[in-house]
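> model the structure of this input:
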Amino acid sequence: MFLLRYFSRLEFSRKILWCYVIWWMVMVSYYFSSEPPIWLTSLGIGIIVGFALMLCTGPVSMERFRTRFWESMRLFICPFMVASFSALVAGNQFLLVFSSIWQENLVAIAAIAVFLVLVLVIESFFIRGEE
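I've put the predicted structure just below:
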């Protein structure tokens, strides 16, 4: 029930962030590598850049992590995802974030469309339930 309530109240900006995550997951599923250096380097970049983002956006404290956990975690998760995406797709003829294989882009777009439709259904279900 918690997830349904969460998705029923999802702000537009968070929907966009979820679309980014879905795109990343689809592309990573195509280009996944179990090589530890890719993931360790991405983790290191995520920590270094995430900490810099924390410093730029407010005080670095346990209180901030407790009260705004996911907001704080996104500052670390986003650079990790960017670094891992870049490392995994390097040399595979991507244009920006788009694969040169149109079917891969189509799968990612379809996954995002399914997500957005599900969110709309959940929103309409909760709106009707509150009336």
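
> quick one: contacts for residue 77?
46, 50 (CB atoms under 8 Å, 6 or more residues apart in numbering). Where you see a C-beta, it was placed from the backbone N, CA and C, and this is true even at glycine.

> what strand or helix carries it?
helix 69-89 (DSSP states H and E).

> show the average pLDDT along stretch 110-129.
If you average the pLDDT over stretch 110-129, you get 89.

> give me the buried positions along that stretch.
For stretch 110-129, burial by neighbour count (16 or more other CB atoms under 10 Å) applies to 111-112, 115, 119, 122.

> quick check: domain ranges of this protein?
35-90, 93-131 (automatic domain parsing).

> confidence score at the residue lying closest to residue 75 once chain neighbours are set aside?
Distances taken as CB to CB, 6 or more residues apart in numbering put residue 53 closest to residue 75, at 4.1 Å, once the chain neighbours are dropped. What the model reports as pLDDT for residue 53 is 93.
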